[in-house]
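Colleague: What follows is a protein structure lacking sequence information:
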């Protein structure tokens, strides 16, 4: 009786094993029947601005129906290309993440078309305590003396936002955007249009600059008139000095002198011999 029970358990174990084997074979067959193509992915993290080398790439099977647009299936097509954004390990290398063909590596590869890169000197205060990292957006504020009526003695101190929503390309000599730890550096490189580059160059020559960190999704411009020292402390603005205007020179008016009037004549009556005569002189 005991032998029969043991035999039954053995038979059940064999049947369960066979069922598991059949199920596994079917699952493998289904997985193998999925259409897949080779896609080039990053074999290691590729920093932005880096030139791609063969050791940075590998290929994996990718389901044909979900291959991202711009993907590559041949590593040879990516030789000497430069990435303009960082690519993480295992991530597909797409055309949209690459700089145009012929671009050399370095910071110049990540500058947007029509833009320029310009560096400004900063410290731990101007650089927002080191939180102005590559990939962040900042506003630029200048503090300077504003001349009035063209005279230096009539100038007033003013702080004003001169540039808004400016992309930070690099801090010091680093352009990596995968770190969040603040870095206190001596220079920050900004991405600017040619006209904004001229504004920044003039602003740093007339006063001191400060960077104002802003939210990355906040793109709305804000128009401000700046603030003066008198407005900050609630004091009225001093009245402009009166402008002295020279009075026109008076022209001498020559009046014609009246013609001299003849003095009245003096007459004397002379009586002689019973007759009188009137002599006037």
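Modeller: Structure's in. What do you need? What you see is a predicted model, and the numbers here were worked out from it, not measured in a lab.
Colleague: all helices of the stretch 51-200 of the chain, in order?
Modeller: With DSSP state H, counting those that start in this stretch as the criterion, the stretch 51-200 of the chain has helices at 194-206.
Colleague: Check whether residue 52 really touches residue 40, as I assumed.
Modeller: No. With contact defined as CB atoms under 8 Å, residue 52 does not reach residue 40; the gap is 9.7 Å. The way it works is simple: take the backbone N, C-alpha and C, and place the C-beta from them, glycine included.
Colleague: what residues are shared contacts of these two?
Modeller: Contact with both residue 52 and residue 40 is made by residues 78, 93, according to CB atoms under 8 Å, 6 or more residues apart in numbering.
Colleague: Contact partners for the most centrally placed residue in the chain?
Modeller: Centroid-nearest residue in the chain, with CA atoms, centre = their mean: residue 166, separated by 1.6 Å. Going by CB under 8 Å, 6+ apart, residue 166 touches 137-140, 190-192, 196.
Colleague: could you dump those residues to a markdown table with distance to residue 113?
Modeller: Below are these laid out as a markdown table (distance: CB to CB, whole Å):
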| residue | distance to residue 113 |
| --- | --- |
| 137 | 19 |
| 138 | 21 |
| 139 | 23 |
| 140 | 22 |
| 190 | 17 |
| 191 | 11 |
| 192 | 13 |
| 196 | 15 |
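Colleague: ok, residues contacting the helix or strand harbouring residue 210?
Modeller: Using DSSP states H and E, residue 210 sits in strand 207-214. Strand 207-214 is touched from outside by 120, 122, 125-128, 131-132, 136-145, 161, 165, 188, 200, 203, with contacts defined as CB under 8 Å, 6+ apart.
Colleague: just the buried members of the residues you listed?
Modeller: 120, 122, 126-128, 132, 136-142, 144, 161, 188, 200, 203 (16 or more other CB atoms under 10 Å).
Colleague: Residue 171 is in contact with residue 188, correct?
Modeller: Yes. Residue 188 is within contact range of residue 171, at 5.5 Å (criterion: CB under 8 Å).
Colleague: Now for those two: what residues contact both?
Modeller: Residues touching both residue 188 and residue 171 (CB under 8 Å, 6+ apart): 127, 132.
Colleague: Run a quick neighbour tally on residue 146.
Modeller: For residue 146, the count of nearby residues is 14 (other CB atoms under 10 Å).
Colleague: Run a quick neighbour tally on the residue nearest to it when sequence neighbours are not counted.
Modeller: Counting by CB to CB, 6 or more residues apart in numbering, residue 158 is the residue found nearest to residue 146 once chain neighbours are left out, at 4.7 Å. Using other CB under 10 Å, residue 158 is surrounded by 19 other residues.
Colleague: Retrieve the pLDDT associated with residue 158.
Modeller: pLDDT recorded at residue 158 is 87.
Colleague: which residues sit in contact with it?
Modeller: Shown in contact with residue 158 (CB under 8 Å, 6+ apart): 143-146, 226-229.
Colleague: Could I get the residues you listed in JSON lines, plus columns for pLDDT and distance to residue 79?
Modeller: As requested, those are exported to JSON lines (pLDDT from 0 to 100; distance: CB to CB, whole Å):
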{"residue": "143", "pLDDT": "88", "distance to residue 79": "50"}
{"residue": "144", "pLDDT": "87", "distance to residue 79": "50"}
{"residue": "145", "pLDDT": "84", "distance to residue 79": "55"}
{"residue": "146", "pLDDT": "81", "distance to residue 79": "55"}
{"residue": "226", "pLDDT": "86", "distance to residue 79": "52"}
{"residue": "227", "pLDDT": "84", "distance to residue 79": "55"}
{"residue": "228", "pLDDT": "84", "distance to residue 79": "58"}
{"residue": "229", "pLDDT": "80", "distance to residue 79": "60"}
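Colleague: Since that was my last question, I'll sign off now.
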